[in-house]
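1. take a look and give me a structure for this.
(one chain, ligands or ions: 1)
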Amino acid sequence: MRFLKANKIFDGRQYLAEGSVLVIDSQNRLKEIARATTLQNDIIESFEGIIVPGFVNAHCHLELSHLNGKIQKHTGIPGFGKQIIMQRMAGGFTKETIHEHALAADAQMWNNGIVAVGDISNADDSFKTKQNSKIKYHTFIEILGLNPANEKMMFDLSLPFFKILQSLGLLGSLAPHAPYSTSFQLIDRIAKFDKEHDLPLCIHNQETEEETKFFLGQANGFKDLYDFLKTDISWFKAPGISSLKSYINTIHEQKTMLVHNTFSTKEDIKAAADKNCFFCFCPNANLYIENKLPDYSLFKEYKTSLCLGTDSLASNNSLDLLDEANVILKNSNAFSLETILQMITFNNASALNLENEFGSLILGKNAGLNLVNFTNNQLQLTQKII
Ligand SMILES: [Zn+2]
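-> Okay, here's the model as predicted:
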């Protein structure tokens, strides 16, 4: 049995009362939260800093880890997409190389205090890593298909990957890639599937201004991307409203995470908040690809719906949630430290439907415990306690 206390203990949503002590059993499960005054002083381990539940990474693409340092910065999303496709077409990476990089990325996350991850997969390249990992993954099988005529075919093509996940005992859902790459009809079908199976949904949302232009019918970078792919989209009729507003009604009473939100307006955010959506930020990837951060002040009132993710190593130098938190802390004073800590613990776990296992101090569970330090407005991981 261990008895742990620190300057502060954060439970995933708030700080515990001063003098609280975490009682941890031999299996590293939380047995109870006791008062220091009821315990003998010499059995208590005291830590300098803040004890926080294990971190949950809301958004990653483990299968892109081998592209670390291979993608040019600041090209915008259409340029980024083109580079990813070119790397895939060049086929310069063997399955083994992709697997080795995914494995190293998984170890990196674990060492950075991450215990659970929401991870996008387009294929099964990362499944072996996830199966053998100490980290709990929720995999979003990502589906693309802008042409409504191919809706059923694109949906059916993804189902085998979902079945493989299930056969391996891994958690997963289906997820549309983004509004500029997935038809409204296909998003609707995917949302219905996840709702029927009580699974969380996620979609890349308003990561680039080109997406807004695409939906408003203005000149935009996706035209070049589709030209490059030799895909005729002359049939596409811009709806004349924002991307989010054009698909938000496909989302019903279900957990939905909108990822990035860099170019979301106040009205977009309100429309999504009315549907109880989660808003996930990936600041380092935003700086890498678009060199622009969301206006965090627009999200101030939605603190229980805010998530944080690392995105992939194709658009980031590390898979470290505290690096992401520190970018926000450096660039905005919209959020308190508690809100930032809630983003990387309880909110992320909740958006992934993992809140009964991770993201807070849960009696009878080992949800991980990290010790962090907060100095000069920046967070650092001092140690993984369990
Ligand atoms: Zn992503």
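2. all the strands of the stretch 251-386 of the chain, residue numbers only.
-> 256-260, 278-281, 306-308, 369-375, 378-384 (DSSP state E, counting those that start in this stretch).
3. the first one: which residues count as buried?
-> Of all the residues in strand 256-260, those buried under the rule 16 or more other C-beta atoms under 10 Å are 256, 257, 258, 259, 260. No exception for glycine: its C-beta is placed from N, CA and C like everyone else's.
4. mind putting those into CSV with distance to residue 244 and pLDDT?
-> Below are the buried residues of strand 256-260 laid out as CSV (distance: C-beta to C-beta, whole Å; pLDDT from 0 to 100):
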residue, distance to residue 244, pLDDT
256, 11, 98
257, 13, 98
258, 7, 98
259, 12, 98
260, 11, 98
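5. what lies in contact with stretch 261-277?
-> By C-beta atoms under 8 Å, 6 or more residues apart in numbering, the surrounding residues in contact with stretch 261-277 are 205-209, 211-212, 242, 244-245, 248, 251-253, 255-258, 279-281, 286, 290, 292-294, 298-299, 302, 305.
6. mind running it again at 6 Å?
-> Contact with stretch 261-277 is made by 205-207, 209, 212, 242, 244-245, 248, 251, 256, 258, 279, 286, 292, 294, 298, 302, as judged by C-beta atoms under 6 Å, 6 or more residues apart in numbering.
7. which of those count as buried?
-> Looking at the contacts of stretch 261-277 with 16+ other C-beta under 10 Å, the buried ones turn out to be 205-207, 209, 212, 242, 244-245, 248, 251, 256, 258, 279, 286, 294, 298, 302.
8. take the residues you listed and keep only those in helices.
-> 209, 212, 244, 245, 286 (DSSP state H).
9. show me what contacts residue 295?
-> Counted by C-beta under 6 Å, 6+ apart, residue 295 has zero contacts.
10. please apply the same query to residue 12.
-> With the criterion set at C-beta under 6 Å, 6+ apart, residue 12 makes contact with 53, 345, 346, 359, 360.
11. what about the closest residue to it other than its chain neighbours, how many residues nearby?
-> In this structure, residue 12 finds its nearest non-sequential neighbour in residue 360, 3.0 Å apart by C-beta to C-beta, 6 or more residues apart in numbering. Around residue 360 there are 22 other residues, counting by other C-beta atoms under 10 Å.
12. go ahead and confirm residue 360 touches residue 347.
-> No - Residue 360 is beyond contact range of residue 347, at 10.2 Å (criterion: C-beta atoms under 6 Å).
13. roughly how far apart are the nearest residue to residue 356 once chain neighbours are set aside and residue 77?
-> Of all residues not flanking residue 356 in the chain, residue 362 sits nearest, at 7.0 Å (C-beta to C-beta, 6+ apart). With distances taken as C-beta to C-beta, to the nearest Å, residue 362 is found 37 Å from residue 77.
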